[in-house]
Every structure is written in C-alpha cells, then in structure tokens.
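**Q** Sharing a model that was predicted from the sequence below.
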Amino acid sequence: MAETLKSGHVPELVTNIEVLHMLKEKIETRKASIAGDPDHEIHKRSTAAKQLLHRDWIEERVYGYLKSSPCGNLELQKMPQLVSRLKRTKKKENDNNERGFGLTDGETLQILNSMPAVHAELYLIIEDVDSRLGEEDQTRLLELIDMHSTENSK
C-alpha cells in the first residue's frame, strides 16, 4: 500500500496505521539527511527551507497524535489478516474457514482507526449492529480487536 501512495495514486481509503508508518519513514529519512548535511544551518535560513519547516512541524504533530492513538502500537504487516477477518462473510454451518464479520470497507476502516474496546463503540461504527451481529459475535469481534491491539503493545 505504501508503494501505491509514493507513486502519487491515492486509494480511496487509507488507514491511520498506514499514514503513521508513512510519516515515520518520511521523518526518519529527513532526520538522516539533516544529520549527514554539514551545511544544514545555512540551508535552514533560506525561504524555501522556512516554508518546509511548517510542513515538517505539521507532519511531526500528526505523527505524534497518531502514535498516541489506539492504532499507535499496531504493526502494519499484521493488519491484512485482521482486515480479512473483519470483511469475510459469516461462516456457514459446513464451512471450515474461520468465521468473519461481514463488515463494509468504511466500517473496517473505522475499526482499524479506533480499535474499539467496548460494545458501545461498535454501535457508533457498525450500521444496524444488532441485526447484523448478535451479542456473541460482538464479543468475538471485540476479542479479536483486543488480541491484535495487545499482541502489538508487548
């Protein structure tokens, strides 16, 4: 996904986790180039560099905010597995695959961005949650989300 964004083609939905990792790479690259530039202080005073300071400041603040958000400790590489489970349709009686939740793209995006921890948050994210997911499925969904949140915060 990050390669797609670097090419200039922006997909419809980008998660906070993806933005967090892109900003992290960008900030680390910028700091590494500054550390290797002996004339950095001279360049810093130029008009173009002053304009970039605003961009740099915004990127660092957004990165800090996302790092402190519920998705801040998640690993980008493990998210496709979670997305697959969230979007997969519910299991039929004779199906041996793991049961999914049948969430839409928008609902999946909101789950990944907010990583809900209680039933009340599911009601804000999933349209008509009572008719689509029973109490047991809601609990399973929260356990799945918790499993992905806590395994990354260790």
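**A** In hand now; what should we look at?
**Q** From now on I want contacts and neighbour counts done on CA atoms only, so please keep to that.
**A** Will do.
**Q** what's the spacing between residue 85 and residue 122?
**A** From residue 85 across to residue 122, the span is 16 Å (CA to CA, to the nearest Å).
**Q** Residue ranges in the protein under the pLDDT threshold?
**A** 1-11, 36-49, 90-98, 150-154 (pLDDT under 70).
**Q** Can you check which helix is longest in it?
**A** Longest helix in the chain by number of residues (criterion: DSSP state H): helix 47-68.
**Q** Buried residues in whichever helix or strand comes after that helix, which are they?
**A** Using DSSP states H and E, the helix or strand that follows helix 47-68 towards the C-terminus is helix 79-87. Within helix 79-87, the residues that qualify as buried are 82-83, 85-87, counting by 16 or more other CA atoms under 10 Å.
**Q** Starting from helix 79-87, tell me the next helix or strand along the chain.
**A** Following helix 79-87 toward the C-terminus (DSSP H and E): helix 105-114.
**Q** quick one: that following helix to chain centroid distance?
**A** Chain-centre distance of helix 105-114: 9 Å, with CA atoms, centre = their mean, to the nearest Å.
**Q** just stretch 56-67 next, same as before
**A** With CA atoms, centre = their mean, you get 14 Å for stretch 56-67.
**Q** So what touches it?
**A** Here stretch 56-67 makes contact (CA atoms under 8 Å, 6 or more residues apart in numbering) with 16-17, 20, 23-24, 27, 72-73.
**Q** what's the burial count for residue 35?
**A** 11 (other CA atoms under 10 Å).
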